[in-house]
Each structure stands twice: as C-alpha cells, then as structure tokens.
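Asker: Got a predicted structure plus its sequence, pasted below:
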Amino acid sequence: VRRLRAGAACAIVAMTAASLVGCGDDQGDGSTSGQVTLRYSWWGNAERADLMQQAISLFEAKYPNIKITPSFQEYEAYWQKMATETAGGNAPDVLQMDFSYLREYADRGVLYDLRKQSADLRLDDLVEGLQGAGEVNGGRFGVPIGGNTWGYMYNPALFAKAGVPEPRLGWTWTDYRTAIAKITADNGGKIFGAGNYVGSYYNLEVQLRQEGKLLFTEGGKLGFDRARLARFLTEGRQLAESKTVLPIEKGVQIKPKHALALDLIAGDLGWDNFMARYAAATKAQLKLGPVPSDNPKLLGQYLKPAMLLSASKRGRHPAAAAKLISFMINDPEVGKIFGANRGMPATNAQRAAVRFEGPLATVAAYEDGIKDQLTKAPPAPPKGAGTLEQAFIRITEELQYGRITVDQAVTQFFADAADTLGS
C-alpha cells in the first residue's frame with residue numbers, strides 16, 4: 001500500500017488556509033444546464049488512461065453538455081500535484097482519492113459533501129460492506145469505485161505435499177502457525193510456510209477486528225494499547241526464532257518482488273487483488289482462503305475501498321461532478337471497460353457486467369463466498385497513518401533481525417504514534 005511521500009507533505013500544509021478563502025458550502029448553483037467543463041484527475045499508468053478515456057467518451061455521449069478535461073499521473077506525482085493544486089485553491093472538479101488520505105483532505109475542508117447532490121448521485125447499488133465507505137464525520141466526501149479484502153493466498157500443492165489441510169472457514173491462528181511449520185519442515189527449509197505476518201499492521205488490524213476492536217478509532221487515535229501490541233509482536237518474534245517463516249534477510253533482499261511470486265513460500269496474507277500479480281509470476285496454481293480467526297463468529301475482514309472519487313469543494317458545478325461520479329461507479333459498460341483495474345467493482349451492476357477470468361475469477365468467487373462474513377469498513381484513517389505504517393514496517397523489521405526486543409519495539413511505535421497522531 002503506497003503512501004504520500006515527504007515531498008508532498010510540504011505543499012499540502014497550505015491546504016487549510018487555501019480552503020478557508022472563498023469557499024462556500026456550494027459554489028455555483030449546481031445546475032448542469034448549458035455547457036459545463038469538468039476537470040477530472042486520477043493516478044495510474046497509460047493502460048488505465050486508455051480505459052478511462054473510453055469511459056469518459058461514454059459519459060460525454062450520455063451528457064453532451066458536460067465536457068471532461070482529463071489528467072493523470074503516476075501515484076507519487078499525482079499526490080504531489082494534488083497537494084500543490086489544492087493548496088493553491090485549484091483542485092480538479094473530480095479527483096481520485098486514496099482511502100488513506102480521505103480524512104486528511106476532508107478535515108482540511110477541501111472536499112465537497114456529496115450528500116448535497118443525492119438527486120444526481122446513485123449510491124443504492126453499492127455492494128454490502130462499501131455503503132458507508134467515504135463518510136467522514138457524517139459527511140460523504142468520497143464514493144468507492146472499487147474494493148478488496150484481506151485474504152490468504154497460497155499454493156495448495158505445497159499444503160498437500162506436507163499433509164496439511166487447506167485453509168477454510170474456521171481455521172485458527174494456531175492452525176495457521178502449525179500449518180506453516182509443517183510445510184517448512186517438509187521442504188527442509190528451502191521453501192517456507194509463509195512470510196512473517198508481524199511485518200504488516202493490517203494483520204494486527206484483522207486480529208483486533210476479530211476481537212471487536214479497531215486499528216484506529218473514529219477520533220483518529222490508536223484503537224489498542226501497549227499490551228495488545230506486545231502480544232502481536234511476540235507472536236512475530238517467536239515465528240522468526242522458530243525459523244518457520246521466510247527470514248527477514250531474504251525478504252529484504254528480494255524486494256520489491258514478493259516471496260510468493262518467487263515460490264519461496266507456500267502462502268501469505270494480503271489484499272486479495274494481489275492474487276493476479278502473484279499468479280502471473282509463478283507457475284503454481286494459487287488459491288485464496290479466509291484469514292485465520294480465533295473467533296468463529298468473526299473473521300474481522302471488510303471491503304477496503306481500493307480507491308474513491310471525490311469532488312472539490314471549490315468546484316463550480318457540483319451537480320455535474322455528482323453525475324460523473326455516479327456514472328463511473330454504476331454504469332455497466334464502464335464496469336466492462338475497467339474490469340478489476342481499479343479493484344473489484346464497487347456496485348452490484350458493474351460486478352455482474354464483468355466476466356472475470358483466471359485469478360480475478362478466483363478473487364470474485366472468494367469475495368462472494370465470504371460476503372456474509374464481511375463487516376463494516378473501519379473509519380477513514382487519520383492524517384499521518386501512512387507515515388505510521390512505514391514506522392511499523394521499520395520497527396518490525398528491526399524486531400525480526402533481533403536488533404530490538406518486543407518491549408523496545410512497543411516503546412518505539414507508541415513514541416512514533418504520539419508524534420504522528422497525538423495518541
């Protein structure tokens with residue numbers, strides 16, 4: 001999961017001041033009568049730009065009085081540009097939004113509350129689990145256009161070879177640790193059962209949610225205490241010491257490639273949309289299974305918006321912006337165009353319109369199979385969550401190397417959280 005780099009942070013500081021100048025609740029009368037031009041910006045590569053242009057052409061054919069001026073950049077360049085344009089009061093009318101930045105931009109008052117355009121924005125067909133995604137403090141500042149959930153991607157042949165049952169609903173964290181230990185032993189340490197799950201705080205999040213807790217509270221604070229973090233980190237340290245998981249040295253050495261794609265591990269926890277990437281890099285036939293849970297009634301999983309669409313508060317044509325957003329998430333032909341390029345489609349109509357194949361069909365079937373187990377998405381993360389995630393990765397790497405103790409890791413993380421979040 002990529003995050004805003006430090007260079008963009010400098011430009012974004014001026015956002016608040018800019019947002020307070022000349023910003024009413026709704027500039028313009030919201031009408032789409034007469035010719036209207038909307039600036040629409042997103043991140044992505046040339047392939048996504050081609051798909052987007054096809055979708056824009058469909059929209060302009062349906063709404064001939066609305067002209068779209070498109071703009072796209074790669075991820076980091078995009079956020080640099082958004083920081084600069086928003087700080088200068090020149091944000092695009094419609095912009096692609098990352099869930100990690102939604103609260104930050106909403107709190108700065110630069111995003112339009114789309115509840116005011118309910119007549120032009122259809123949200124009734126969002127898949128269950130994404131209906132509330134994009135809301136901050138009671139306002140609707142983003143609409144999901146795609147979503148994915150956490151899962152366990154694995155090589156079933158290695159499970160069978162080691163005589164280990166494949167992951168299924170009801171398996172526990174103890175089952176998980178036992179399975180990966182057996183697979184590592186069966187392969188003489190040449191292939192490991194998994195990577196060390198301690199390295200991602202999304203694994204901590206799923207455990208917290210299985211306990212009815214959150215990674216971040218609605219108020220933007222940490223949703224767990226030192227003792228709970230220590231328990232999670234102890235699990236990771238024990239996995240490293242047992243040598244049943246990929247050694248941290250090897251994991252760092254192969255970056256940015258992933259161990260599952262290189263056939264170094266039997267499986268790993270992660271966002272299910274990574275399935276296509278891993279499957280394309282390995283000859284193994286990968287499968288997707290649910291995450292382990294010690295609570296049989298709660299998987300702790302949710303649909304995370306892969307990306308959202310937001311509107312600028314300074315935009316002159318909010319009704320037209322709402323029409324564009326609604327079209328992009330609801331139109332079946334747009335769904336066919338994008339497929340899973342922006343994550344699994346956020347609405348039932350678009351999901352039904354797409355004929356998923358290969359690994360994407362696996363992802364679609366997986367999400368459909370656990371949809372009754374998915375719970376409401378967490379609140380949008382607070383400003384600084386991306387920085388804190390990077391700190392978590394750094395600290396847990398040091399822990400796996402054995403350079404720091406669990407207590408030192410906990411102290412370091414909470415110090416970083418205090419500096420970043422005020423927690």
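Answerer: Now that the structure is in, tell me what you want to look at.
Asker: For this structure, just list every one of the strands.
Answerer: 36-43, 66-73, 94-97, 135-136, 139-140, 143-148, 150-154, 267-271, 287-289, 304-311, 344-345 (DSSP state E).
Asker: Can you convert the ones you listed into CSV and add a column each for mean pLDDT, mean neighbour count and distance to Val245?
Answerer: All C-beta atoms are positioned from the backbone trio N, CA, C, and that covers glycine. Shown next, in CSV, are these (pLDDT from 0 to 100; neighbours: other Cβ atoms under 10 Å; distance: least, Cβ to Cβ, whole Å):
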stretch, mean pLDDT, mean neighbour count, distance to Val245
strand 36-43, 97, 20, 33
strand 66-73, 96, 16, 37
strand 94-97, 97, 26, 35
strand 135-136, 93, 20, 37
strand 139-140, 96, 19, 42
strand 143-148, 95, 26, 24
strand 150-154, 97, 25, 14
strand 267-271, 96, 23, 10
strand 287-289, 96, 21, 18
strand 304-311, 94, 25, 24
strand 344-345, 94, 28, 29
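Asker: For those, give me JSON lines that also has distance to Ala353.
Answerer: Converted to JSON lines, the strands of the chain look like this (distance: least, Cβ to Cβ, whole Å):
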{"stretch": "strand 36-43", "distance to Ala353": "21"}
{"stretch": "strand 66-73", "distance to Ala353": "22"}
{"stretch": "strand 94-97", "distance to Ala353": "21"}
{"stretch": "strand 135-136", "distance to Ala353": "26"}
{"stretch": "strand 139-140", "distance to Ala353": "25"}
{"stretch": "strand 143-148", "distance to Ala353": "14"}
{"stretch": "strand 150-154", "distance to Ala353": "23"}
{"stretch": "strand 267-271", "distance to Ala353": "23"}
{"stretch": "strand 287-289", "distance to Ala353": "22"}
{"stretch": "strand 304-311", "distance to Ala353": "17"}
{"stretch": "strand 344-345", "distance to Ala353": "8"}
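Asker: To Thr396, which of those strands lies closest?
Answerer: strand 267-271 (14.0 Å; Cβ to Cβ).
Asker: roughly how far apart are the residue lying closest to Asp272 once chain neighbours are set aside and Leu299?
Answerer: Sequence neighbours aside, Gly151 is the residue nearest to Asp272 in space, at 4.2 Å (criterion: Cβ to Cβ, 6 or more residues apart in numbering). Per Cβ to Cβ, to the nearest Å, Gly151 is found 10 Å from Leu299.
Asker: Find residues that contact each of those two.
Answerer: Pro290, Val291 (Cβ atoms under 8 Å, 6 or more residues apart in numbering).
Asker: ok so, going back, next one: the residue nearest to Asp272 relative to Arg168, how far apart?
Answerer: Counting by Cβ to Cβ - Gly151 and Arg168 are separated by 13 Å.
Asker: hey, what's in contact with both of those two?
Answerer: Gly289, Pro290.
Asker: circling back to that earlier point, go ahead and confirm the residue nearest to Asp272 touches Gly267.
Answerer: No: using Cβ atoms under 8 Å, Gly151 makes no contact with Gly267, being 10.1 Å away.
Asker: I'd assumed Asn155 was in contact with Pro167.
Answerer: No: if you go by Cβ under 8 Å, Pro167 and Asn155 don't touch, sitting 11.5 Å apart.
Asker: Need the residues touching each of the two.
Answerer: Gly267.
Asker: okay, and for the chain, where does confidence drop off?
Answerer: For the chain, the stretches with pLDDT under 70 are 1-33, 423.
Asker: at 50 what do you get?
Answerer: For the chain, the stretches with pLDDT under 50 are 1-30.
Asker: wait, isn't Trp171 in contact with Pro292?
Answerer: Yes: using Cβ under 8 Å, Trp171 is in contact with Pro292, at 5.3 Å.
Asker: neighbour count winner among these two?
Answerer: More neighbours surround Pro292 than the other of Trp171 and Pro292, with 24 against 21 (other Cβ atoms under 10 Å).
Asker: Find the residue closest to the more buried one in space, skipping its chain neighbours.
Answerer: Pro292 sits nearest to Tyr176 (Cβ to Cβ, 6+ apart), 4.2 Å away.
Asker: Could I get the contacting residues of that neighbour?
Answerer: Pro167, Ala194, Pro292.
Asker: distance of it from Ala230?
Answerer: Going from Tyr176 to Ala230 by Cβ to Cβ gives 20 Å.
Asker: One more: Val406?
Answerer: Counting by Cβ to Cβ, the gap from Val406 to Ala230 is 6 Å.
Asker: what does Gln253 give?
Answerer: From Gln253 to Ala230 the distance is 28 Å (Cβ to Cβ).
Asker: And these two? Which one has more around it.
Answerer: The residue with more neighbours, out of Gln253 and Ala230, is Ala230; 14 against 9, by other Cβ under 10 Å.
Asker: nearest spatial neighbour of the more buried one, skipping sequence neighbours?
Answerer: Going by Cβ to Cβ, 6+ apart, Ala230 has Val410 as its nearest residue, at 5.1 Å.
Asker: what's the neighbour count on that neighbour?
Answerer: Val410: 23 neighbours (other Cβ under 10 Å).
Asker: from what I can see it touches Arg228, true?
Answerer: No: using Cβ under 8 Å, Val410 is not in contact with Arg228; the gap is 9.7 Å.
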